[in-house]
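Trainee: Sequence first, then the predicted structure:
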Amino acid sequence: MAARKFLYVVAALIVLTLGSALAYRFWGQQMLGAVMVPSARFAAPKPLTAADYADRALWLARPDIAAGNEALWLPAGAKRTPPGPAAIFYVHPTSYMAPFNRARWNAPLEDQESLDTARRFMMVQASAFTEAGQVWAPRYHQAHFGAFLEPKDAARKAIEAAYRDVAAAFRAFLAANPAGPVILAGHSQGSLHLLRLLKEEVAGKEVAGRIVAAYLIGWPVSLTADIPALGLPACARPDQAGCILSWQSFAEPADPAAVQKAYGWYPGMTGRPREGTPMLCVNPLTGTQDAAAPPQANLGTLGPSVQLDGKDARLLPGAVGARCGSGKEAGFLLVGTPPQLGPYVLPGNNYHVYDYALFWANIRADATKRLTAFLARPH
């Protein structure tokens, strides 16, 4: 719980110190970088192997885990149904946010705060896919939050080390699920790892024909520098199977400059630079690219909770609409003025933390619809 709130406590202290929320709006990203980038030298964690992932203890969720499996949670207003035939490989976002003066570049597997936060993310994100199938969610030596704030060599090595674990977990996942439909789902750092996983472990391989959809949410995906290397197209229709979805949520007025700057740090999966290339935006309310939809199309946003564990969250139908932006906001999903969901809005009106929560019920319906289309195809 403490780790989940640390970043935002820092932001609040910045605001209090400067006496102005306006200062946080304009300089918050730089300030976060100053306090969140680890000061320690990079030390590579011991890589995990597919054989290691045979151990149930290295998973936050899988079909034989009931106690503590937060992917099984459902909000009030959601109907529980038997899981469909898909196997869902879900990679959680960054939950390791230890203060820089005691942080490592990669999370220790035994770090309880980051594990608790990862379970919280799994509860509000991976749970959206449980109508389509059963969730497999690996623990991994995730890169520290600060690794994404500055393009340092240590940051690159930390992300590489985290990816190695995810790839090993995926091989173990495939060994346990040798046939049948597969859904890939992630958020933020998790989506970054899935982006590379698609290129290296899926494209051109037998498993590519088993992919129902890949939800690379909360990470920018280039239509020209990434998609051609991934072996799957970007989703163009709501009933399309075997395709990729991505969006990044901003309230308005939006200032995505920090994301656009970081977008250029990472070379595309094709090897080409990403800077200046068009970014994929699939509207989760329509299932199509570069579309707009009114609040009435929203089947349910996860409303704010009262309990500290968040398990009393309820669905709020029609709470927020969405449209893919244009011009300076091209590639970003704009949500107007959303309802109060919590205090975790990032600089620039960035609703990154709420990419799933804003559209939870639509994501659930989208996965089921794409699975239905997948099962209807001749195999």
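Mentor: Great, that's in hand. Residues are numbered from 1 along each chain as shown.

Trainee: Next up, phi/psi of A50, please.
Mentor: A50 adopts backbone torsions of phi -60, psi -30, taken as degrees, to the nearest 10.

Trainee: What count of nearby residues applies to it?
Mentor: Residues near A50, counting by other CB atoms under 10 Å, number 15. Bear in mind the C-beta positions are built from the backbone N, C-alpha and C, glycine included.

Trainee: What confidence value was assigned to the closest residue to it other than its chain neighbours?
Mentor: Distances taken as CB to CB, 6 or more residues apart in numbering put R171 closest to A50, at 4.0 Å, once the chain neighbours are dropped. pLDDT recorded at R171 is 98.

Trainee: got the contact list for R171?
Mentor: By CB atoms under 8 Å, 6 or more residues apart in numbering, the contact set of R171 is A50, Y53, E201.

Trainee: So the last one: helix, strand or coil?
Mentor: Which is E201. helix (DSSP: H, G, I helix; E, B strand; the rest coil).

Trainee: Tell me how many other residues crowd it.
Mentor: Residues near E201, counting by other CB under 10 Å, number 18.

Trainee: Start the count at 38 instead of 1 going forward.
Mentor: With 38 as the first residue, the last one maps to E238.

Trainee: is it true that P112 touches R351?
Mentor: Yes: between P112 and R351 a contact is recorded at 5.6 Å, counting by CB atoms under 8 Å.

Trainee: Apart from its neighbours in sequence, what residue is nearest A250?
Mentor: Spatial nearest neighbour of A250, excluding adjacent residues (CB to CB, 6+ apart): R407 at 4.7 Å.

Trainee: before we move on, back to that, give me the secondary structure label for the residue nearest to A87.
Mentor: Once three-state DSSP is applied, R208 turns out helix.

Trainee: and if you look at W173?
Mentor: Under three-state DSSP, W173 falls in the strand class.

Trainee: mind listing what it touches?
Mentor: W96, A98, R99, P100, A124, I125, F126, Y127, F210, A213, N214.

Trainee: As a check, name the ranges of all strands in the chain.
Mentor: For the chain, the strands defined by DSSP state E cover 96-98, 123-128, 170-175, 219-224, 248-254, 280-282, 286-287, 319-320, 325-326, 329-330, 338-339, 352-353, 359-361, 370-371.

Trainee: how about TSV for those strands, with distance to A413 added?
Mentor: As requested, those are exported to TSV (distance: least, CB to CB, whole Å):
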stretch	distance to A413
strand 96-98	28
strand 123-128	14
strand 170-175	16
strand 219-224	16
strand 248-254	12
strand 280-282	15
strand 286-287	31
strand 319-320	21
strand 325-326	19
strand 329-330	25
strand 338-339	30
strand 352-353	28
strand 359-361	28
strand 370-371	29
